[in-house]
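Show me the folded form of this:
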Amino acid sequence: MHWIDPACLPETKGVVDRFLINPHGAADGLLLKDGKEVHFPRHMSVAILAAVKPGDPVKVRGLRPRGVDMVVAVSIQAGEAPAIVDNGPQKKEGPHKGHDHKGDKHTKPEQHKHTDVQGVVTHVLHGPKGEKRGALLEDGIIVWLPPHAAESLHDTLAPGRKLAARGVALTNALGTVVDAHEIGVSLATLLSVEPKKHDQAA
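Purely as a prediction, here's the structure:
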């Protein structure tokens, strides 16, 4: 949304509780201490990680999806520092175009393995359009699900509910995220959430 002037958008103030990371370990959001979720595009992550840390007061200007307590950021300002504005993905010359996270101390994985996790959901996490995509557990682990699975699990994906998952875990300096292949209320009741074969072929 780099074409939107952030000055025309409502401002949300808060204090950063933690960063949110996607299944690849890249930062793509913030959780504020009041529970509000902030999503930002991946191409903003390097600048945001360099300027923002947990405990910082921030001002966010962005759009708010219907029915979800979140902001899709167009600009983020930490304290009195200059605002970090979404100016679109940075273009690169040569054969390797797009953003490259190699060498980024925040996103370089330390672990990448199959694992089981279980705990109590503290926050439901969303994609940039407000769609359910996963959950933050009370121990800080993030569980991500395929979009079709997350939207169908309204009762399981809710604060205070027990959640168990099996999938591929990745850990880096920002935390641990599990790309779930199975999910349930306990490890004994896990069900597959893999896309159906005809969906994969589509």
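
What helix or strand is the closest residue in space to Asn22 that isn't next to it in sequence located in?
Counting by CB to CB, 6 or more residues apart in numbering, Asp28 is the residue found nearest to Asn22 once chain neighbours are left out, at 5.0 Å. The C-beta positions use only the backbone N, C-alpha and C, and glycine is treated the same way. In this structure, Asp28 sits in strand 27-32 according to DSSP states H and E.

got a list of contacts for that strand?
Identification of contacts with strand 27-32 by CB atoms under 8 Å, 6 or more residues apart in numbering yields 14-22, 37-42, 45, 48-49, 52, 58, 76, 106-107, 123, 125, 136, 174.

Among those residues, name the buried ones.
The neighbour-count criterion (16 or more other CB atoms under 10 Å) marks 14, 16-22, 37-42, 45, 48-49, 52, 58, 76, 106-107, 123, 125, 136, 174 among the contacts of strand 27-32 as buried.

In strands, which of those residues appear?
If you go by DSSP state E, the buried ones among the contacts of strand 27-32 have 14, 16-21, 37-39, 58, 76, 123, 125, 136 in strands.

Quick check: Gly140 vs Val52, distance?
Separation of Gly140 from Val52 (CB to CB, to the nearest Å) stands at 18 Å.

In contact with Ala188, which residues?
Ala188 sits next to no residue when contact means CB under 8 Å, 6+ apart.

Shouldn't it be within a helix?
Yes: with DSSP: H, G, I helix; E, B strand; the rest coil as the criterion, Ala188 is part of a helix.

how much space is there between Ala164 and Trp144?
14 Å.

err, Asn22, not the other one
Counting by CB to CB, the gap from Asn22 to Trp144 is 7 Å.

How about Val60?
Distance from Val60 to Trp144, counting by CB to CB: 22 Å.

And for Val121?
Counting by CB to CB, the gap from Val121 to Trp144 is 13 Å.

Comparing those two, which shows the higher neighbour count?
Neighbour count, other CB atoms under 10 Å: between Val121 and Trp144, Trp144 has more, with 23 against 20.

from memory the more buried one sits against Val177, does it?
Yes: using CB atoms under 8 Å, Trp144 is in contact with Val177, at 6.2 Å.

list residues touching both of the two?
Common neighbours of Trp144 and Val177, counting by CB under 8 Å, 6+ apart, are Asn22, Pro23.
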